[in-house]
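K.L.:
Got a sequence here, can you model it:
(one chain, ligands or ions: 2)
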Amino acid sequence: MFAGKTTTLLRRIQAESNNGRIVAVIKSSKDTRYGLDSIVTHDGMKLPCWALANLSLFRQKIGTDAMISLMSSASMKLNSLKTFMTSAVRLLIMMAKQRRFGSVLDIIPIANSVMKLMARCEVCGKQAQFTLRKTDERETELIGGADVYMPVCRQHYVSGQVVIETARSVLGSQKLAYT
Ligand SMILES: Nc1ncnc2c1ncn2[C@@H]1O[C@H](COP(=O)(O)OP(=O)(O)O)[C@@H](O)[C@H]1O
Ligand SMILES: Cc1cn([C@H]2C[C@H](O)[C@@H](COP(=O)(O)O)O2)c(=O)[nH]c1=O
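P.N.:
Ligands and ions are numbered 1, 2, ... in the order given. Sure thing, here's the model as predicted:
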């Protein structure tokens with residue numbers, strides 16, 4: 001998170017539009033962090049988009065004919081939405097628990113190119129490979145921004161986890177003492 005994925009994607013969309021291409025911008029409707037119908041970076045750059053509950057609704061929304069022309073206008077010999085989507089897609093590859101995020105990595109082998117972006121560690125300013133979840137929620141999917149997550153380097157991911165685990169056990173034992 002905070003690595004510049006949305007910023008990079010917005011620049012790419014702008015460049016494609018400037019070259020006369022039709023660009024359909026979509027995001028998950030679960031992501032309501034900075035607005036419903038726009039894709040927004042953490043520092044406020046934004047573009048209007050369709051917010052869809054799942055990818056299959058894209059075909060429905062745009063219509064199969066329009067989609068075929070969209071594909072051919074991009075000079076792509078494509079026969080599936082999945083392949084089409086690899087042309088520009090921003091993905092969070094890893095969750096806060098340092099494991100792959102769902103099945104997103106499956107798209108990498110069929111992508112034309114892959115760019116791995118990294119944020120700055122909020123503790124020391126070095127490259128941040130990881131995201132630390134600051135809150136106590138444990139579910140894999142938890143929509144949020146700087147209120148919930150912070151980018152950190154390897155060293156501060158490890159020390160941050162220790163601090164979080166210690167705080168959890170101290171708070172847990174205090175809770176027990178008061179019940
Ligand atoms: N720790 C950080 N490291 C890098 N960028 C940060 C950090 N905290 C806030 N930002 C801001 O976030 C912007 C990147 O946001 P965005 O493109 O939305 O990232 P992503 O889509 O990867 O989450 C940067 O340009 C910067 O202004
Ligand atoms: C690490 C992590 C993140 N998420 C969520 C939090 C955000 O809503 C998105 C990432 O968006 P961004 O544009 O890259 O900032 O994913 C999550 O659900 N679980 C996690 O472990």
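K.L.:
Could you list which residues are in contact with residue 157?
P.N.:
98, 129-130, 132 (C-beta atoms under 8 Å, 6 or more residues apart in numbering). The C-beta positions use only the backbone N, C-alpha and C, and glycine is treated the same way.
K.L.:
Taking those, please make a PyMOL selection of just the buried ones.
P.N.:
Filtering the contacts of residue 157 down to the buried ones (16 or more other C-beta atoms under 10 Å) takes a single PyMOL command:
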select buried, resi 129+130+132
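K.L.:
Tell me which two in the contacts of residue 157 are the farthest apart.
P.N.:
Farthest pair in those (C-beta to C-beta) is 129 and 132. Separation: 11.1 Å.
K.L.:
Okay, helices next: where are they in the protein?
P.N.:
Secondary structure of the chain (DSSP state H): helices located at 5-18, 56-62, 64-73, 81-85, 154-178.
K.L.:
Tell me how many other residues surround residue 128.
P.N.:
24 (other C-beta atoms under 10 Å).
K.L.:
how much space between it and residue 120?
P.N.:
Distance, residue 128 to residue 120, using C-beta to C-beta, to the nearest Å: 6 Å.
K.L.:
what do the two both touch?
P.N.:
With C-beta under 8 Å, 6+ apart, residue 128 and residue 120 have common neighbours 2, 151.
K.L.:
Report how many residues lie close to residue 36.
P.N.:
10.
K.L.:
Give me the nearest residue to residue 35, chain neighbours excluded.
P.N.:
Among residues not flanking residue 35 along the chain, residue 46 sits closest, at 6.7 Å (C-beta to C-beta, 6 or more residues apart in numbering).
K.L.:
Which of the helices of the chain comes out lowest on mean pLDDT?
P.N.:
Across the helices of the chain, helix 81-85 has the smallest mean pLDDT, namely a mean of 43.
K.L.:
Show me what from the protein comes close to ligand 2.
P.N.:
1, 5-6, 31, 92, 95-96, 131, 140-144, 149 (C-beta under 6 Å from any ligand atom).
K.L.:
Just the buried residues out of the residues you listed, in PyMOL syntax.
P.N.:
A single PyMOL command selects the buried members of the residues of the chain next to ligand 2 (16+ other C-beta under 10 Å):
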select buried, resi 1+5+6+95+96+131+149
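K.L.:
Could you dump the residues of the chain next to ligand 2 into TSV with distance to residue 167 added?
P.N.:
Below are the residues of the chain next to ligand 2 laid out as TSV (distance: C-beta to C-beta, whole Å):
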residue	distance to residue 167
1	21
5	30
6	31
31	28
92	25
95	20
96	15
131	18
140	21
141	23
142	18
143	23
144	18
149	16
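K.L.:
And the residues of the chain next to ligand 2, which is the shakiest by pLDDT?
P.N.:
residue 92 (76).
K.L.:
surely that residue meets residue 100?
P.N.:
No - counting by C-beta atoms under 8 Å, residue 92 does not reach residue 100; the two are 10.2 Å apart.
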